[in-house]
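Trainee: task: produce atomic coordinates for the following.
(one chain, ligands or ions: 2)
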Amino acid sequence: MNSPILEFKDVSYSFGEGDLRRQVLFSLTGKVDAGEVVIVTGPSGSGKTTFLTLIGALRRLQEGSVRLLGWELYGAPPKVLREARQNIGFIFQAHNLISSLTAHQNLIMGLRLHPEIESPSEAADNILDQVGLGDHLHKFPHQLSGGQRQRVAIARALVMRPRVILADEPTASLDSKAGRVVVEKLHEIATRQGTTILLVTYDPRILDIADRVLALEDGHFVGMTIGEAGQAGLL
Ligand SMILES: Nc1ncnc2c1ncn2[C@@H]1O[C@H](COP(=O)(O)OP(=O)(O)OP(=O)(O)O)[C@@H](O)[C@H]1O
Ligand SMILES: [Mg+2]
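Mentor: Ligands and ions are numbered 1, 2, ... in the order given. Modelled structure (predicted):
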């Protein structure tokens with residue numbers, strides 16, 4: 001629970017060129033330990049998604065350093081970025097399930113990149129059962145409710161046993177009760193697997209599942225307690 005899985009230092013980011021260039025992240029520094037559940041929150045436009053995509057090697061770093069699972073992402077060649085991404089489970093607001101595949105098949109698809117997982121079919125069914133979809137293994141996304149689809153997306157991220165899960169507003173399309181169930185499932189299984197979670201949300205009702213909350217405002221971290229800032233390596 002104490003070696004940092006993620007360390008980021010002086011991460012700044014701007015969109016646009018020339019006169020239109022606008023800085024949206026300002027020298028963000030911190031770290032996340034193995035097994036921690038960290039929520040990144042803040043108003044719309046504060047930079048949450050931009051931050052998460054930088055951490056997740058989905059966007060090229062312009063400035064600063066991100067060390068994820070031992071890889072330095074700044075200036076890293078595509079091969080390293082690809083490898084880093086394969087160790088991350090991504091969950092997005094839009095569940096991104098493949099509509100022509102059943103829940104079971106959607107999970108199997110992702111496992112193709114992970115030959116180290118034995119018995120993919122059993123692993124898929126097992127994790128779908130754990131998120132409460134044991135009776136819906138062979139349904140297509142359109143036959144499932146929004147909450148059930150989001151649980152398939154969570155199962156798909158967890159089945160490859162990633163060391164880190166990055167989730168961007170995984171409950172945004174759900175009512176508060178369904179959203180809570182989804183996040184609690186994610187938390188419960190990730191804790192059991194020792195997975196580190198960074199979850200972006202504007203939903204104050206799920207902040208309590210976090211070990212720590214990082215609040216962004218206009219691209220700066222704000223409002224952390226001294227203890228939290230210390231833990232984040234800011235002091
Ligand atoms: N591709 C882009 N080109 C230009 N500006 C962008 C782009 N993507 C985001 N921005 C701007 O960067 C800022 C941060 O955006 P970001 O998407 O990270 O915010 P967010 O906190 O995730 O917001 P939300 O809660 O609405 O998802 C915003 O001002 C946004 O307008
Ligand atoms: Mg966003």
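Trainee: pick out the residue nearest the middle of this structure.
Mentor: In the chain, the C-alpha nearest the mean C-alpha coordinate belongs to Leu166, at 1.0 Å (CA atoms, centre = their mean).
Trainee: contacting residues for the closest residue in space to that one that isn't next to it in sequence?
Mentor: Nearest residue to Leu166, sequence neighbours excluded (CB to CB, 6 or more residues apart in numbering): Gly56, at 4.7 Å. Any C-beta I mention is one placed from the backbone N, CA and C, and that applies to glycine too. Listed by CB atoms under 8 Å, 6 or more residues apart in numbering, the contact set of Gly56 reads 85, 88, 90, 166.
Trainee: picking that back up, for the residue nearest to the centre of the chain, helix, strand, or coil?
Mentor: Secondary structure state of Leu166, per DSSP: H, G, I helix; E, B strand; the rest coil, is strand.
Trainee: how about the residues of this protein by ligand 1?
Mentor: Within the chain, the residues that sit near ligand 1 (CB under 6 Å from any ligand atom) are 15-16, 24, 42, 44-50, 202.
Trainee: list buried residues within those.
Mentor: Among those, those scoring as buried are 24, 42, 46-50 (criterion: 16 or more other CB atoms under 10 Å).
Trainee: which members of the residues you listed additionally contact ligand 2?
Mentor: Counting by CB under 5 Å from the ion, 48-49 from those sit close to ligand 2.
Trainee: among the buried ones among the residues of the chain next to ligand 1, which are located in helices?
Mentor: Counting by DSSP state H, the part of these found in helices is 48-50.
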